[in-house]
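Trainee: pasting the structure only:
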C-alpha cells in the first residue's frame, strides 16, 4: 500500500516537473499579421485609412512554447491598431511600439520585431464650417415678389483635405441657389413657400459632404402672366373601378372610331401653356361608375376630367363625349 502511494506521488511530481520544464522552454516564431487601423480613443473627428497596396506584414514573437504554439495556430494574427491623433496627411505608425502598447491577445509573448517595421496610413479630419447661400442672379421668371431664402447660412461637413483643396483653388464657401425649377410649377399671382433640398454634389462638393440643414425654404410670388389658348387632339381615356376590372366591355363613339380626342381651351401661366402647345399634351379621363357598366347598349354622355399642369385650368367647359358601352365575350375590356 505504501508503495502505491509512493508511485502516485512520484507520478504527480513528474507531471509537475515536466509542466514546469515546458513553461521554462522559450521558442521564437514568425507569423503573418493583419492590421486594422482605427482612430485612438478621444480622436472623435479623425479619419484614418491604410495606404493602398500594402505588402504582407510578419511579426516575430518569443515566449513559452505553449503560448508560441497557440499564436502559430492562430496565424495570421489580427491586430487592431489604434492610431493617435496627428495632422492631416500621410503618417507611418511604428508597429513594434504600437503592438507593445496595444496588443494583449497573448500577454506572455514578447514582440521581438515587425517586418516591415512601419504601417503607412493617411490621416484626415472631419471638419464643419459655415457655407454662404445666395440666390442665382439671372432668374428667368417674372415675379410680383422676388424669391427669398429662409436662411443665408448652412453648415457643411467634409474632410479637411477637401477644405484644403477649395482653399488652394481659391473657391469661396458660397453657393448660388436656383429655385426656379420649383417655382415655375407654382400658381402665378399667389405667394408660395416651397422646400428646396440641398444636394452637395450639385455644387461640386464631394459625395460624402453633408449640409445642415439639408433643405431650405424659398418664398416668392410668380407674376400672373397668363394666356388663354386652345389645345387640340387631347386624348380621352376610360377608367373603371378596381372592382370591375375584367368585365368584357368596349366603348364605341358615334362615328365608330377607336381613339377619342377633344380640343380644350385652357388658361394659365404662359410658359406652362406654351409647353402644352409644343407637345406636352394633357389627358382627359372618363370615370365609369357601376351604374354606367349596367347600361350596356345605351348611348351615354360624359364630361371628361382633364389632368392639367399646376396653375393651368379650363377656360370653358369642354365638349361632352358620347359613347355606347357594348358588352360581349369577344369584346376587349375597357381600360
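Mentor: Now that the structure is in, tell me what you want to look at. Not measured: the values here are computed from a predicted model. Numbering: from 1, shown residues only.

Trainee: Quickly note the distance from residue 315 to residue 296.
Mentor: Note on residue 315: its distance to residue 296, by CB to CB, to the nearest Å, is 35 Å. Yep, even glycine has a C-beta here, placed from its N, CA and C like the rest.

Trainee: Disregarding flanking residues, what is the spatial nearest neighbour of residue 57?
Mentor: Setting aside the residues directly before and after it, residue 57 is nearest to residue 33 in space (CB to CB, 6 or more residues apart in numbering), at 5.0 Å.

Trainee: Tell me the strands beside the longest strand along the chain, with direction?
Mentor: Looking across the chain with DSSP state E, the single longest strand is strand 118-135. Strand pairing for strand 118-135, using DSSP bridges, gives strand 46-50 (antiparallel), strand 89-94 (antiparallel), strand 153-159 (antiparallel), strand 174-177 (parallel).

Trainee: sorry, back to before: what number of residues lie near the residue nearest to residue 57?
Mentor: Residues within reach of residue 33, counting by other CB atoms under 10 Å, total 22.

Trainee: nearest spatial neighbour of residue 299, skipping sequence neighbours?
Mentor: Distance criterion CB to CB, 6+ apart; nearest residue to residue 299, sequence neighbours excluded, is residue 324 at 4.9 Å.

Trainee: check contacts around residue 176.
Mentor: 134-137 (CB atoms under 8 Å, 6 or more residues apart in numbering).

Trainee: How about residue 179: what's its closest non-neighbour residue?
Mentor: residue 218 is the one closest to residue 179 (CB to CB, 6+ apart), at 4.2 Å.

Trainee: pLDDT on the helix or strand containing that neighbour, on average?
Mentor: Per DSSP states H and E: residue 218 is located in strand 215-222. The average pLDDT within strand 215-222 is 94.

Trainee: Same check on stretch 196-210?
Mentor: The average pLDDT for stretch 196-210 rounds to 92.

Trainee: again, but for stretch 261-272
Mentor: So the average pLDDT for stretch 261-272 ends up being 87.

Trainee: do stretch 281-297 as well
Mentor: Mean predicted lDDT for stretch 281-297 stands at 83.

Trainee: Going by neighbour count, which residues in it are buried?
Mentor: Buried residues in stretch 281-297, counting neighbours by 16 or more other CB atoms under 10 Å, are found at 284, 286, 288, 292-293, 296.

Trainee: Equivalent analysis for stretch 89-99, please.
Mentor: 91, 93, 95-96, 98-99.

Trainee: so how far is it from its chain's centroid?
Mentor: 35 Å (CA atoms, centre = their mean, to the nearest Å).

Trainee: how far does it stretch from start to finish?
Mentor: Taking CA to CA, to the nearest Å, stretch 89-99 runs 23 Å from one end to the other.

Trainee: Number the residues from 357 up from this point.
Mentor: Sounds good: first residue 357 from here, last item stretch 445-455.

Trainee: pLDDT of it, averaged?
Mentor: The model assigns stretch 445-455 a mean pLDDT of 91.
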